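Engineer: fold the following, please.
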Amino acid sequence: MYKILVDSREFVLSKQLLRSGTSIGANVAESTAAQSASDFIHKLSIASKEARETKYWLMLLMQSRLIDYNYSTYLKDIDEIINILTSIIKTMQEKKRS
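Structural biologist: Model (predicted):
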């Protein structure tokens, strides 16, 4: 998506999308080396926030119609990522309380 946006000369939103989108994976990767359950939850919570920001940028691009593109696959994927992260976070929070 970043390349498509840059090729269409959309530089600001493309960078925002790239940053938030890649931050999801970076925070998930960091969570694998978490020092505690709280640290794990914190890192995945950041990943979740970045996923929601990524969805925001995709929605903004779609609604602004800056480029003619079908965003449905990306929106479906980001919703799945958000749901997975939310589920993991809730499960870990429940385990912590037990």
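Engineer: could you use CA atoms for every contact and neighbour count after this?
Structural biologist: Noted.
Engineer: residues of stretch 19-38 that come out buried?
Structural biologist: Going by neighbour count (16 or more other Cα atoms under 10 Å), the buried part of stretch 19-38 is 20, 21, 23, 24, 27, 28, 31.
Engineer: sorry, wrong one. I was asking about stretch 90-98.
Structural biologist: Within stretch 90-98, the residues that qualify as buried are residue 92, counting by 16+ other Cα under 10 Å.
Engineer: and it, how far out from the chain middle?
Structural biologist: In terms of Cα atoms, centre = their mean, to the nearest Å, the centre of stretch 90-98 is set 22 Å apart from its chain centre.
Engineer: what pLDDT, on average, does it get?
Structural biologist: Along stretch 90-98, the predicted local confidence has a mean pLDDT of 93.
Engineer: from the buried residues of stretch 19-38, which is closest to residue 92?
Structural biologist: Of all those, residue 31 has the smallest distance to residue 92: 12.3 Å, by Cα to Cα.
Engineer: now for that closest one: which residues touch it?
Structural biologist: For residue 31, the contact set (Cα atoms under 8 Å, 6 or more residues apart in numbering) comprises 39, 40, 41, 43, 44.
Engineer: go on, residue 78?
Structural biologist: 51, 52, 54, 55.
Engineer: with neighbour count as new columns, can those residues be given to me in CSV?
Structural biologist: What follows is the contacts of residue 78, written out as CSV (neighbours: other Cα atoms under 10 Å):
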residue, neighbour count
51, 26
52, 19
54, 24
55, 22
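Engineer: residue 89: which of these is nearest?
Structural biologist: Sorting the contacts of residue 78 by distance to residue 89 puts residue 51 at the head of the list, at 13.7 Å, by Cα to Cα.
Engineer: shouldn't that closest one be in contact with residue 81?
Structural biologist: Yes. When contacts are counted by Cα atoms under 8 Å, residue 51 is listed as touching residue 81 (7.2 Å).
Engineer: would you turn the buried residues of stretch 19-38 into a markdown table with secondary structure?
Structural biologist: What follows is those, written out as a markdown table (DSSP: H, G, I helix; E, B strand; the rest coil):
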| residue | secondary structure |
| --- | --- |
| 20 | helix |
| 21 | helix |
| 23 | helix |
| 24 | helix |
| 27 | helix |
| 28 | helix |
| 31 | helix |
